[in-house]
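>>> Provided below are the primary sequence and the corresponding predicted coordinates.
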Amino acid sequence: MTDKKAIIVGGGLVGSLWAIFLARRGYQVDVYERRDDMRLAGYSGGRSINLAMSYRGKYALAAAGILDEAHYAAIPMYGRMMHSPAGELTFQPYGRAGEAIYSVSRGGLNMDLLRAADQFEQVRFHFRHKCLDVDAGHGCVRFERQPDGQLVEVEAPLIFGTDGAFSAVRHSLQNRPRFNFSQDYLDYGYKELTIPPDTEGRHRMELNALHIWPRGRFMLIALPNTDGSFTCTLFLPFEGEDSFETLQSDAEVSAFFERYFADAVPLMPTLLEDFRKNPVSALATVRCSPWHFGGKVLLLGDAAHAIVPFFGQGMNAGFEDCTLLNNLLDACQENWSEVLPRFSQMRKPDADAIADLALQNFVEMRDLVADPDFLLRKRIAAALAERFPHEFVPMYSMVSFSNVPYREALLAGQAQDALLAQLAALPGIEAQMAAHPDFERVFRQWQAQY
Ligand SMILES: Cc1cc2nc3c(=O)[nH]c(=O)nc-3n(C[C@H](O)[C@H](O)[C@H](O)COP(=O)(O)OP(=O)(O)OC[C@H]3O[C@@H](n4cnc5c(N)ncnc54)[C@H](O)[C@@H]3O)c2cc1C
């Protein structure tokens, strides 16, 4: 292809990162974004204020050459801090010493990515342009420009849909024959709340942890921000007992928090105000295929595979899309007609796997992390990883601290469950762990099987 031009629809996290990769390859890139330029207008995303970045996300930022710019304001979280109903705290490390996932500001990171992309003179941003549809056959995209409502039509040999879970680009592909699509909502919604800094501007809880109040059917979590605050997210059923439906008045909200999250209440002076003001949002898994049309149009990030947030991997997976696509372009000498179908085919099983893992992790976070049997298996997994560091990598670590394909991590996790169940059943394992006389034997037998 001689005409190195591309249109990116959506200047969010994945779109602005992909613009950088393309610019480095010498493409003229036009990014069209529905919202205002958040560097001028401020961030008004309306979705989670911070998010957890792990290895795959950092790896992609490094591959794009911007790790330092985009990652400096991150707070390492070395494990989960569980808050029991009585207010007791238990810390559960995520991995080996020093391994962490990172709490980053969503708006801050998006702005860093926009700034980094803007450093390339061949990247142009067009804000307040809402994509209406795409004519995939002709490589033509229609936008409505604000504030004048003008219709704008543009063409390019390559079009990338990075316009998120409710992608207009994907919607256009859906109108074509043999396009598969499913969207599954959880019966749960989420609402964001705040734990502000103390009077000295310091964090009111342990800074380097992701806090969880697991309560069986629902949970509250909190991630630290660099300004001393925590962003809390309440995940709760929409309807039924203990649901958003039953929390209408201030009195109902107060009673619910006092009953289930009593240790958090004194840390949340604006609880009632936040609860009234902040919306309840829905959570869905979106699966579709193929992600491409011919050698011209490709969906990336949430537009291709939106997942529920319980493994903290949505953005990480979208960033990894960029790294893998970039690698494939090298491997195929930038032959787009070959690259797009190959990418779509190669990556889809991994997107499906992380979607499944994210759904599974919801049960783990809201319920199992408070279950003694589950905690025992976690301790056994940690003991295995310490005793056989080159032979046993826990599934959580594969997902969060490596770029092993998600599908492999899912299968390894299923195999590991069988081993952990066997070891957990050994009498005396709790006290002896790796020193247990049968520990190595059971491990070797399992290893020979898988
Ligand atoms: C509560 C919650 C917590 C999360 N926590 C984590 C986490 O801890 N770790 C993690 O890795 N992921 C997390 N995620 C997932 C993460 O937010 C997404 O995977 C990520 O934002 C996807 O990036 P994206 O660029 O594909 O889409 P988006 O971030 O949604 O960006 C899409 C962009 O396209 C623009 N756009 C939309 N429609 C149009 C249109 N018609 N025309 C033009 N522009 C348009 C939007 O304005 C936006 O800028 C979380 C998600 C939620 C909801």
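Arrived safely, thanks for sending. The shown structure was predicted, so the numbers you read here are calculated from the model rather than taken from an experiment.
>>> residues of the stretch 201-350 of the chain that sit close to the ligand?
Within reach of the ligand by C-beta under 6 Å from any ligand atom, the stretch 201-350 of the chain has these residues: 233, 301-303, 309, 312-316, 318. C-beta coordinates here come from the backbone N, C-alpha and C atoms, glycine included.
>>> can you pull the contacts of the residue in the stretch 101-250 of the chain that the ligand sits nearest to?
For the stretch 101-250 of the chain and the ligand, the shortest gap (C-beta to the nearest ligand atom) falls at Gly164, measuring 2.9 Å. Residues in contact with Gly164, defined by C-beta atoms under 8 Å, 6 or more residues apart in numbering, are 10, 12, 301-303, 306.
>>> Met82 too?
With C-beta under 8 Å, 6+ apart, Met82 has these contacts: 89-92, 212-214, 369-370.
>>> and the residues you listed, which are buried?
In terms of neighbour count (16 or more other C-beta atoms under 10 Å), the buried residues within the contacts of Met82 are 92, 212-214, 369-370.
>>> just to revisit the earlier point, and which of the contacts of Gly164 is nearest to Asn50?
Closest approach to Asn50 among the contacts of Gly164 (C-beta to C-beta): Gly12, at 15.2 Å.
>>> count of residues packed around the closest one?
26 (other C-beta atoms under 10 Å).
>>> could you measure from it over to the ligand?
2 Å (C-beta to the nearest ligand atom, to the nearest Å).
>>> and the closest residue to Tyr450 other than its chain neighbours, which of the three is it?
Counting by C-beta to C-beta, 6 or more residues apart in numbering, Tyr450 lies nearest to Ala415, which is 4.7 Å off, once chain neighbours are set aside. Recorded secondary structure, Ala415: helix (DSSP: H, G, I helix; E, B strand; the rest coil).
>>> burial count for Val141?
27.
>>> contacts only, for the nearest residue to it once chain neighbours are set aside.
Distances taken as C-beta to C-beta, 6+ apart place Val134 nearest to Val141, at 5.0 Å, with adjacent residues excluded. If you count contacts by C-beta under 8 Å, 6+ apart, Val134 has them with 9, 140-142, 159, 161, 168-169, 172-173, 297.
>>> among those residues, which ones are buried?
9, 141-142, 159, 161, 168-169, 172-173, 297.
>>> just the ones of those in helices?
With DSSP state H as the criterion, helices contain 168-169, 172-173 from among the buried ones among the contacts of Val134.
>>> as JSON lines, these with distance to Ala64 would be great.
Shown next, in JSON lines, are those (distance: C-beta to C-beta, whole Å):
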{"residue": "Ala168", "distance to Ala64": "25"}
{"residue": "Val169", "distance to Ala64": "22"}
{"residue": "Ser172", "distance to Ala64": "28"}
{"residue": "Leu173", "distance to Ala64": "26"}
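>>> ok, of the residues you listed, which one's closest to Tyr55?
Distance to Tyr55, by C-beta to C-beta, is smallest for Val169 among those, at 28.4 Å.
>>> could you find the closest non-adjacent residue to that closest one?
Gly161 (2.8 Å).
>>> Phe125 now?
Here the residue nearest Phe125, using C-beta to C-beta, 6+ apart, is Val31, at 5.0 Å.
>>> show me what contacts the one you found?
Contacts of Val31 by C-beta under 8 Å, 6+ apart are 7-8, 10-11, 15-16, 19, 117, 123-126.
>>> with Ser344 instead?
289-292, 298.
>>> how about Asn175?
By C-beta under 8 Å, 6+ apart, the contact set of Asn175 is empty.
>>> return the per-residue confidence for it.
Turning to Asn175, the model gives it a pLDDT of 89.
>>> gap between it and Ala168?
Distance check for Asn175 against Ala168: by C-beta to C-beta, to the nearest Å, it reads 11 Å.
>>> thinking again about what came up before, of the buried ones among the contacts of Val134, which pair is most distant in space?
Arg142 and Leu173 (14.6 Å).
>>> near the ligand at all, stretch 124-142?
Yes. Contact between stretch 124-142 and the ligand, assessed by C-beta under 6 Å from any ligand atom, occurs at 130-131.
>>> contact partners for Arg377?
420-421, 424.
>>> who wins for neighbours among those?
Leu420 (22 neighbours).
>>> just to be sure, that residue is in a helix?
Yes. Assignment of Leu420 by three-state DSSP places it within a helix.
>>> please name the nearest non-neighbouring residue to it.
Arg377 (4.3 Å).
>>> against Leu368, how distant is the one you found?
9 Å.
>>> do Leu300 as well
32 Å.
>>> these two: which has the busier surroundings?
Between Leu300 and Leu368, counted using other C-beta under 10 Å, the more crowded position is Leu300 (27 against 17).
>>> state the phi and psi torsions of the more buried one.
Reported as degrees, to the nearest 10, the phi and psi values for Leu300 are phi -140, psi 160.
>>> my guess is it contacts Thr162, does it?
Yes. Counting by C-beta atoms under 8 Å, Thr162 is a contact partner of Leu300 at 5.1 Å.
>>> identify the contacts common to the two.
With C-beta under 8 Å, 6+ apart, Leu300 and Thr162 have common neighbours 14-15, 18, 318.
>>> just those: which are in strands?
Taking DSSP state E, every one of the shared contacts of Leu300 and Thr162 sits outside strands.
>>> just the buried ones out of the residues you listed, please.
14-15, 18, 318.
>>> quick one on the thing from earlier: out of the residues of the stretch 201-350 of the chain next to the ligand, who's nearest Glu258?
Nearest to Glu258 among those, with distances taken as C-beta to C-beta, is Thr233, at 19.2 Å.
>>> which residues touch the closest one?
Thr233 neighbours (C-beta under 8 Å, 6+ apart): 48, 190-193, 220-222.
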